[in-house]
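Engineer: When you get a sec, could you give me coordinates for this:
(chains A and B)
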Number of protein chains: 2
Amino acid sequence: MTAPLGLDITLPTAALAARLGELVRLLPGRLTDPVLGGVVVVATPAGVRVASSDHERGFQADLDGLVGSEGSVLVPARPLAETLRSLSDPEVRLVVEGSRLAVRAGRARFALPLMDLAAHPGVAPAPPHRLSVPSAALRGPLAVVAAAASRDDALPVFTGVRISTAGGVLALLASDRFRLAKAEIPLPAARHDAAGLDVLVPAALLAELARQLPRSGEVTLRADADRFALSWEGTLVTTAVLATPFPNSDRLFPSDVDSVLRVDADALSAAVRRAATFGGGRGLLTLVAEDGGVRVLGSDPAVGESEETVKADVTGNRSSRTYQARHLVDALRGFVGRVVELRVPAHERRGAVLTAEPDRDGVRVTHLVAPTRPPAPRD
Amino acid sequence: MTAPLGLDITLPTAALAARLGELVRLLPGRLTDPVLGGVVVVATPAGVRVASSDHERGFQADLDGLVGSEGSVLVPARPLAETLRSLSDPEVRLVVEGSRLAVRAGRARFALPLMDLAAHPGVAPAPPHRLSVPSAALRGPLAVVAAAASRDDALPVFTGVRISTAGGVLALLASDRFRLAKAEIPLPAARHDAAGLDVLVPAALLAELARQLPRSGEVTLRADADRFALSWEGTLVTTAVLATPFPNSDRLFPSDVDSVLRVDADALSAAVRRAATFGGGRGLLTLVAEDGGVRVLGSDPAVGESEETVKADVTGNRSSRTYQARHLVDALRGFVGRVVELRVPAHERRGAVLTAEPDRDGVRVTHLVAPTRPPAPRD
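Structural biologist: All right, here's what the predicted structure looks like:
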């Protein structure tokens, strides 16, 4: 272990605490190697960088700060993040003192043991720049699509979000086999040459990043054959991609439509949530298309029955299908504050399609929800 | 099972949802008898009452409502509470329809199965009125004292709060053997005849009631030999008391004082919370009395060391004692926004006393926190 340089930096507490909070949320829950639980702090004349890596994922964030003395250290990430979060002083000083990194603020000193920086894998360089999109257009659809992926590692392909470009559109796609979510984000004309991006990215990471992305500004997507990265405002998050090719999903979308319901997404979502108490152990609700409304039905032998009609514009035949309440709630999150169109196919076993006009960013979200067998008839 | 009467009532949704929310939080987690998971709804010309009981605890709340038809029913409490909580309509109608209690709001109908009212134990009558105190004076001290009780049922006496009156004061007292909290609430002169109250009440229930008590108005304490009850604004909560006599605790308070620290309770609490990251597996922190301040020290072999000085007025000798961080945080909650006096006895094994001037309601809180052996010295 080489002697660390005498790093000495002063940073705004809130910004450093926020970046470290994001960093630790991306650390794996169980560490195979304690060194991966460390955060690398690097101070150069260009500024300060904090970084972590667990081989699969890498996080780095650049911060503006006063660099009194350059250097690099590795210290336990979680205690550093907790300490920063608890400080109320506007500025904090990080300085190497002997075998410790001292965190100094006001009349407090917190000293974290220096870990062996040489044993840390470091953060892999960013894959090449592919395209940029407005963060506001990406974060909502990313959250909605990532939520449709499976959490079951037994089928890795369904734990990913397929991110691809074609025809001037950035497409996000995920499925857990019982539902499928797709978002199409239009690319500015100047970026149509970004075609050819097609990667499968772990959905759990993207769900977390959807929360971390800023509400404004640009996000850059980067990728090569093995890695995918998002970068924004001095932060770069890299991950290994899933190697499995995503199955063709176009055939899942029904070509025939039996009935079409146009309904306020929030009103339907609220009714589904109310009925969920009556969904039984499997959480099943039945949607019945009627004149001028959609009836939401729940039934559970122990809890009772629920029935609520939500105003809807119904065309075509009167359909009745049973879905998992959770799938409907997740799908309707993609249409908050808008009118959603629910297309029910004639074939009873095929999925219903939820869609809407593109939003003000031109983003179109499409959700396919598979029906399930209705619960046993009421006694 | 007798046919239920055709109850038909209309109530403000928010008030009913709030009372049912409080009711289900007092239901036991695991039901030995499903009938105890029910809520009794009674409509009479006097109004509407909702009630539950699990033999140990009883809850009843009276509500104003429109009684279209009198009656009594028993329905599953949790689904009813969940349904009410999810409704946005200002009024809700509860009406017996066949073997169901229908909950009707807007275009929704939720139907809960009627349970066998005859099998329900009912709610025991309220024990006699003993005294009333302002809710604002009771709720804070009740939360602080109840938090000092033990959660370990192996020693029932330490799971209770002793509630007693003497000398014009209502006293609350609880201990888990490692700390002891006491609150003394002055009684208006007209209520000094309420002497003689002395019961041991389950602390877990009181901790929940401290959250439910209103911020203003009066709370009435009721008790007999077997039961204790609090009532306020049409709500009555009854519980069986713990039969064990509470040990005399006066001898625990040290008579000698080695050093006295006067310190801002919030500043000390914040410093203790920051240092808690460095408290190690046992969560231990050392407080050192110094000239003009108290030093808060933490040390953990893996996480590092912390040291922070909080401005304090120190008299007497320079003491150093180690405490559980959690005990200090709990104790300091009793002195929010105030200066706390920390009296450290000369004997190293005796507890330190935290106290303050009575607050604006005249309430005096005293907390005894036992020291612990300091962690192994730093390497």
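Engineer: C-alpha from now on. contacts and neighbour counts both.
Structural biologist: Noted.
Engineer: Neighbours of the residue nearest to A:Val95 when sequence neighbours are not counted, how many?
Structural biologist: Sequence neighbours aside, A:Asp8 is the residue nearest to A:Val95 in space, at 4.2 Å (criterion: CA to CA, 6 or more residues apart in numbering or on different chains). A:Asp8 has 20 neighbouring residues, counting by other CA atoms under 10 Å in any protein chain shown.
Engineer: Pairing-wise in the sheet, spell out the partners of A:Asp8.
Structural biologist: In this entry, A:Asp8 is beta-bridged to A:Ser69, A:Val95, by DSSP bridges.
Engineer: who in the stretch 151-300 of chain A is up against chain B?
Structural biologist: Applying CA under 8 Å from any CA of the partner chain, we find that the stretch 151-300 of chain A lies next to chain B at A:Ala270, A:Arg273, A:Arg274, A:Ala275, A:Thr277, A:Phe278.
Engineer: repeat that with 10 Å
Structural biologist: A:270-271, A:273-278, A:295-300 (CA under 10 Å from any CA of the partner chain).
Engineer: Is A:Gly29 in a helix, a strand, or coil?
Structural biologist: coil (DSSP: H, G, I helix; E, B strand; the rest coil).
Engineer: Do I have it right that it meets A:Gly37?
Structural biologist: Yes. Contact status for A:Gly29 versus A:Gly37: in contact at 9.5 Å, counting by CA atoms under 10 Å.
Engineer: Show me which of these two is the more surrounded one.
Structural biologist: A:Gly37 (23 against 9).
Engineer: dump the residue contacts of the more buried one.
Structural biologist: For A:Gly37, the contact set (CA atoms under 10 Å, 6 or more residues apart in numbering or on different chains) comprises A:24, A:27-31, A:52-54, A:74-78, A:120.
Engineer: same thing but 7 Å
Structural biologist: A:Leu31, A:Pro76, A:Ala77 (CA atoms under 7 Å, 6 or more residues apart in numbering or on different chains).
Engineer: Just the buried residues from those, in PyMOL please.
Structural biologist: PyMOL command restricting the contacts of A:Gly37 to the buried ones, with burial defined by 16 or more other CA atoms under 10 Å in any protein chain shown:
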select buried, chain A and resi 76+77
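Engineer: And A:Arg227, how far from chain B?
Structural biologist: According to CA to the nearest CA, to the nearest Å, A:Arg227 stands 33 Å off from chain B.
Engineer: typo on my end, it should be A:Ile9
Structural biologist: 19 Å.
Engineer: Could you check how far the spatially closest residue to that residue that is not a sequence neighbour is from chain B?
Structural biologist: Nearest residue to A:Ile9, sequence neighbours excluded (CA to CA, 6+ apart): A:Val67, at 4.6 Å. When distance is defined by CA to the nearest CA, A:Val67 is 23 Å away from chain B.
Engineer: Find the helix or strand that A:Val67 is a member of.
Structural biologist: strand A:66-69 (DSSP states H and E).
Engineer: got the contact list for the helix or strand just after that strand?
Structural biologist: Scanning forward in sequence from strand A:66-69 by DSSP H and E, the next helix or strand is strand A:71-76. Here strand A:71-76 makes contact (CA under 7 Å, 6+ apart) with A:4-7, A:37-44, A:112-117, B:303.
Engineer: Kindly recompute the last result at 6 Å.
Structural biologist: A:5-7, A:37-43, A:114-115, A:117 (CA atoms under 6 Å, 6 or more residues apart in numbering or on different chains).
Engineer: Can you pull the poorly scored residue ranges out of the stretch 251-379 of chain A?
Structural biologist: When residues are selected by pLDDT under 70, those of the stretch 251-379 of chain A lie in A:375-379.
Engineer: can you map out the strands along it?
Structural biologist: In the stretch 251-379 of chain A, the strands defined using DSSP state E, counting those that start in this stretch lie at A:259-264, A:284-290, A:293-300, A:304-316, A:320-324, A:339-344, A:352-355, A:364-369.
Engineer: The fifth one: how far from the chain's middle?
Structural biologist: Translated: strand A:320-324. 27 Å (CA atoms, centre = their mean, to the nearest Å).
Engineer: Does anything pack onto that strand? Which helices or strands?
Structural biologist: Applying 3 or more CA pairs under 6 Å, 6 or more residues apart in numbering or on different chains; DSSP states H and E, we find strand A:320-324 packed against strand A:284-290.
Engineer: what sits up against the strand it packs on?
Structural biologist: A:279, A:294-298, A:318-325.
Engineer: Which strand or helix spans the most centrally placed residue in chain A?
Structural biologist: The residue lying closest to the centre of chain A (CA atoms, centre = their mean) is A:Ala207, at 1.6 Å. Following DSSP H and E, the helix or strand that holds A:Ala207 is helix A:203-212.
Engineer: can you give me the offset of that helix from its chain's centre?
Structural biologist: Taking mean C-alpha positions (CA atoms, centre = their mean), helix A:203-212 and its chain are 3 Å apart.
Engineer: can you check stretch A:172-190 too?
Structural biologist: Worked out by CA atoms, centre = their mean, stretch A:172-190 lies 13 Å from the chain centre.
Engineer: Can you list the residue ranges for helices in the stretch 51-200 of chain A?
Structural biologist: Listed in chain order, the helices found in the stretch 51-200 of chain A under DSSP state H, counting those that start in this stretch are A:77-86, A:135-147.
Engineer: quick check: angle from the longest one to strand A:364-369?
Structural biologist: Taking axes from the mean of the first three to the mean of the last three CA atoms, to 10 degrees, one finds that helix A:135-147 is oriented at 10 degrees with respect to strand A:364-369.
Engineer: which strands and helices sit next to helix A:135-147?
Structural biologist: helix A:203-212.
Engineer: Which elements pack onto the helix it packs on?
Structural biologist: helix A:135-147.
Engineer: and the angle from the helix it packs on to helix A:203-212?
Structural biologist: Going by the same axes, to 10 degrees, helix A:135-147 makes 150 degrees with helix A:203-212.
Engineer: coming back round to it: and the contacts of strand A:71-76, which two are furthest apart?
Structural biologist: A:Gly6 and A:Gly37 (21.9 Å; CA to CA).
Engineer: Could you list which residues are in contact with A:Ser259?
Structural biologist: Counting by CA under 6 Å, 6+ apart, A:Ser259 has contacts A:Thr315, A:Gly316, A:Asn317, A:Val344.
Engineer: Filter those down to just the buried residues.
Structural biologist: A:Thr315, A:Val344.
Engineer: Quickly name whichever of the contacts of A:Ser259 is closest to chain B.
Structural biologist: Using CA to the nearest CA, the shortest approach to chain B within the contacts of A:Ser259 belongs to A:Thr315, at 20.9 Å.
Engineer: beta partners for that closest one?
Structural biologist: Counting by DSSP bridges, the residues bridging with A:Thr315 are A:Val260.
Engineer: Do I have it right that A:Arg104 meets A:Val96?
Structural biologist: No. Here A:Arg104 does not reach A:Val96: they are 10.7 Å apart, not a contact under CA atoms under 6 Å.
Engineer: ok, back up a step: quick one: strands adjacent to the next helix-or-strand element following the helix holding A:Ala207?
Structural biologist: Next in sequence after helix A:203-212, counting helices and strands by DSSP H and E, comes strand A:218-223. Sheet partners assigned to strand A:218-223 using DSSP bridges are listed as strand A:129-134 (antiparallel), strand A:227-232 (antiparallel).
Engineer: could I get the first one in PDB with only the CA atoms?
Structural biologist: Coordinates of each C-alpha in strand A:129-134 appear next as PDB, following Å, rounded to 0.1, in the frame of the first residue of the first chain:
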ATOM      1  CA  HIS A 129     -21.100   9.200 -26.800                       C
ATOM      2  CA  ARG A 130     -24.100   8.100 -28.800                       C
ATOM      3  CA  LEU A 131     -26.900  10.700 -28.300                       C
ATOM      4  CA  SER A 132     -28.400  13.300 -26.000                       C
ATOM      5  CA  VAL A 133     -32.100  13.800 -25.000                       C
ATOM      6  CA  PRO A 134     -33.800  16.200 -22.700                       C
END
